[in-house]
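> Any chance you can model this:
(one chain, ligands or ions: 1)
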Amino acid sequence: MPLIALLPGDGIGPEVVTQARRVLDALGLDLSYQEAPVGGAGYEAAGHPLPPATLDLAMRADAILFGAVGDPRFDNLDRALRPEQAILGLRKAMGTFANLRPAKGFPGLEDASALRPEVARALDLVIVRELTGDVYFGEKGRRETADGLRQGYDVMAYDEGEVRRIATVGFEMAKRRQGKLCSVDKANVLETSQLWRDVVNELAGDYPEVTLTHMYVDNAAMQLVRAPGQFDVIVTGNLFGDILSDQASMCAGSIGMLASASLREWAGANGLYEPIHGSAPDIAGQGKANPCAAILSAAMMLRHSLGQEDAALRVEAAVAKAIAGGARTADLGGSLSTTAIADAVLAGL
Ligand code: NAD
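A predicted model of the protein is given here:
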């Protein structure tokens, strides 16, 4: 029986994970659960944001459903002990190199998007972002120029193995969706991007059913707000993906609706699934949090780590139905509680 690690974390994390668990339970699947503290809760329970027992559970589990971490009470601790370090520690330990962020417009929520309703309606894409390489992890430092000026530098680098494994995730994802993959780079000026493009092109021969296109990142940023409906799956490096995935989330609407997955291989054994929002200390404990992002994260977990595509589709359809039926927390301009939204999703299952 697959083991799910529940890591609710801080603030609204436990509130939304509780509701996601209710939805999972209602599916009648054979799943077992074990819960462990993480973030500020981990520090309180065991003196560390990622206690050894929590990490051990995460590594053993078939999938991890994560809430959020961050607690203002611990903002003055040494950086290594702050709640947010837990998520970085988990990613590092698990080697989750692929970050998947779907962005989809929900019928009835067009007004929540930063785009015009008729443009937002067409939005239905997934950004596949490389998460463990690129300029964020290259050599970096400070030095002095020949003129005695201070200079900062960060080296951008990808090897072909890193590109191949993330591009594989992009192709596999596109194969299961509309069959369109857009690889985003800056090959007109960056050698790293030229290698990226060469490797993606080499891989394309293995996926005759996928239509591959390439786009420069500056154009992609523009196209994402001009006509997002043209995209199905976007695969890109860490830096470009960081920026484009945040841009795409605002195209979709409220932060309370958006799920994500971090995988360490395609087929997703032991993936980490979490809403993209944080612990929202301003509304924690008030029953106001929108649980949809956590519920949709559980759907991604069913799809990518548990091989339960049908169950994932059922959950996604139930969320869409609840939203179309007018279920709204405050972030969507309504007044329903966290529990009431989950009730509406359960009713739609
Ligand atoms: P946040 O996402 O927690 O909140 C931003 C705003 O969105 C707040 O006004 C909040 O009330 C609202 N919001 C967020 N999720 C919501 C939901 N589900 N329903 C309704 N409203 C929602 O971001 P922040 O305020 O910048 O950060 C708060 C804490 O969370 C910080 O400690 C930060 O470091 C942490 N954080 C953690 C993660 C993570 O765990 N992966 C991600 C981002 C931020």
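
> in what helix or strand does the residue nearest the centre of the chain lie?
Nearest to the mean C-alpha position of the chain, by C-alpha atoms, centre = their mean, lies residue 260 at 2.3 Å. Per DSSP states H and E, residue 260 falls inside strand 259-263.

> Give me the pLDDT for residue 45.
At residue 45, the model reports a pLDDT of 98.

> Can you give me every residue that contacts it?
Contacts for residue 45 (C-beta atoms under 8 Å, 6 or more residues apart in numbering) come out as 37, 51. No exception for glycine: its C-beta is placed from N, CA and C like everyone else's.

> Next SSE downstream of the strand holding residue 260?
strand 271-275.

> what's the helix or strand just after that following strand packed up against?
Proceeding N to C from strand 271-275, the next assigned helix or strand is helix 292-304, under DSSP H and E. When contacts are defined as 3 or more C-beta pairs under 8 Å, 6 or more residues apart in numbering; DSSP states H and E, helix 292-304 packs onto helix 13-26, strand 63-68, strand 98-104, strand 259-263, strand 271-275, helix 309-324, helix 338-348.

> Find me the pLDDT at the closest residue to the ligand within the stretch 51-200 of the chain, would you?
Here the residue of the stretch 51-200 of the chain nearest the ligand is residue 70; by C-beta to the nearest ligand atom that distance is 2.2 Å. Note on residue 70: pLDDT of 97.

> any idea what it is structurally, helix, strand or coil?
coil (DSSP: H, G, I helix; E, B strand; the rest coil).

> thinking again about what came up before, now the helices and strands packed on helix 292-304 in CSV, with distance to the ligand?
Formatted as CSV, the helices and strands packed on helix 292-304 follow (distance: least, C-beta to the nearest ligand atom, whole Å):
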stretch, distance to the ligand
helix 13-26, 6
strand 63-68, 4
strand 98-104, 11
strand 259-263, 9
strand 271-275, 6
helix 309-324, 13
helix 338-348, 8
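
> would CSV of the ones you listed with distance to residue 223 be doable?
Putting the helices and strands packed on helix 292-304 into CSV (distance: least, C-beta to C-beta, whole Å) gives the following:
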stretch, distance to residue 223
helix 13-26, 32
strand 63-68, 31
strand 98-104, 14
strand 259-263, 22
strand 271-275, 26
helix 309-324, 25
helix 338-348, 33
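
> Just give the number of residues close to the residue of the stretch 51-200 of the chain closest to the ligand.
Here the number of neighbours of residue 70 (other C-beta atoms under 10 Å) works out to 23.

> show me the contacts for it.
Contacts of residue 70 by C-beta under 8 Å, 6+ apart are 9-11, 39-40, 83-84, 278-279, 281.

> Show me which of those has the smallest pLDDT value.
Across these, the smallest pLDDT goes to residue 84, namely 91.

> quick one, phi psi at it?
Taking degrees, to the nearest 10, you get phi -60, psi -20 for the backbone angles of residue 84.

> which residues are contacting stretch 230-239?
Outside stretch 230-239, the residues touching it (C-beta under 8 Å, 6+ apart) are 124-137, 156, 158, 166-167, 169-170, 173-174, 177-185, 192-193, 196, 200, 217, 220, 223-224, 244.

> which residue does the stretch 201-349 of the chain bring closest to the ligand?
residue 278 (2.4 Å).

> my guess is that residue contacts residue 39, does it?
No: between residue 278 and residue 39 there is no contact, the gap being 10.1 Å when judged by C-beta atoms under 8 Å.

> Now for those two: what residues contact both?
68-70.

> what residues are up against the spatially closest residue to residue 66 that is not a sequence neighbour?
With sequence-adjacent residues excluded and distances taken as C-beta to C-beta, 6 or more residues apart in numbering, residue 66 is closest to residue 274, at 3.9 Å. By C-beta under 8 Å, 6+ apart, the contact list for residue 274 reads 65-68, 87, 259-260, 262, 294, 297.

> count of residues packed around the residue nearest to residue 296 when sequence neighbours are not counted?
Counting by C-beta to C-beta, 6+ apart, residue 296 lies nearest to residue 259, which is 3.8 Å off, once chain neighbours are set aside. Using other C-beta under 10 Å, residue 259 is surrounded by 26 other residues.

> Just list whatever residues bridge to residue 259.
Beta bridges link residue 259 to residue 275 when assigned by DSSP bridges.

> for it, what are its contacts?
Counted by C-beta under 8 Å, 6+ apart, residue 259 has contacts 101-102, 273-276, 293-294, 296-297, 299-300.

> hmm, back to that, relative to helix 309-324, how tilted is the strand holding residue 260?
Orientation check (axes from the mean of the first three to the mean of the last three C-alpha atoms, to 10 degrees): strand 259-263 against helix 309-324 gives 160 degrees.

> ok now strand 259-263, how far from the chain's centre?
4 Å (C-alpha atoms, centre = their mean, to the nearest Å).

> if you average pLDDT over that strand, what comes out?
95.

> With only the CA atoms kept, save it in PDB.
Taking Å, rounded to 0.1, in the frame of the first residue of the first chain, the C-alpha atoms of strand 259-263 are listed here in PDB:
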ATOM      1  CA  ALA A 259      -0.600  23.500  -7.300                       C
ATOM      2  CA  SER A 260       2.900  22.200  -8.000                       C
ATOM      3  CA  ALA A 261       5.000  19.100  -8.100                       C
ATOM      4  CA  SER A 262       8.700  18.500  -7.700                       C
ATOM      5  CA  LEU A 263       9.900  15.200  -9.200                       C
END
